[in-house]
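Q: Provided below for reference: sequence and predicted model.
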Amino acid sequence: MSYQDLGFMNSKITLSFDQKVIEKAKEFAAKQNISLSRLTEFLYAQITSGDYKTLDEMPVADWIDILAEGQAEYKQSPSRKKLKSIYFDSEKLELIEMLININEESVLQNVKVLLEDSSNIIDGLSEEDYKVMDQRRERHLSDQSKSFSWEEVKDSARSSIK
């Protein structure tokens, strides 16, 4: 909500300060995560809010404590990729926990065989899968089978649906 939404109008003023004072004030404002304008406005609000007869009567320490509470912390939500990774990591851990808690010797033996003996499985295909692929390749090379383009496959699927 802005000042204008609350019925307040922003006014601009021009001030002249010692350069070192400005630099320190900018540093202070940056540490407090506010603009120099808002810091100046805050100081003016503090000055005009009380009945102070002298500058020494102003409770400077009070507003320094208010401002010095610390810089705001902004937390960024994890990316979709990170969330997906976290999800699959938790699924893997759950599977491992299930395997650890299995007491059946036969199931554990099958898992052990799968983990240890990957010699007959290359790229996820068994020897039988490779035999089938070789047979199909031979039929294709001897013109006993036909290749189809993706468009032909889609057209065939559409006509079979009708």
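A: Yep, it's here.
Q: Now Lys53: phi and psi?
A: Backbone dihedrals for Lys53, given as degrees, to the nearest 10, come out at phi -90, psi -30.
Q: any idea how far Glu23 is from Leu95?
A: From Glu23 across to Leu95, the span is 59 Å (Cβ to Cβ, to the nearest Å). C-beta here means a position set from N, CA and C on the backbone, and glycine is covered the same way.
Q: quick one: the helices in the protein?
A: 19-31, 36-49, 60-67, 80-101, 105-116, 127-141, 150-161 (DSSP state H).
Q: quick one: the second one to chain centroid distance?
A: For helix 36-49, the separation from the chain centroid amounts to 38 Å (computed by Cα atoms, centre = their mean, to the nearest Å).
Q: could the helices of the chain go into TSV alongside mean neighbour count and mean pLDDT?
A: Formatted as TSV, the entries for those read as follows, by neighbours: other Cβ atoms under 10 Å; pLDDT from 0 to 100:
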stretch	mean neighbour count	mean pLDDT
helix 19-31	12	86
helix 36-49	13	80
helix 60-67	12	60
helix 80-101	10	81
helix 105-116	10	72
helix 127-141	11	80
helix 150-161	9	72
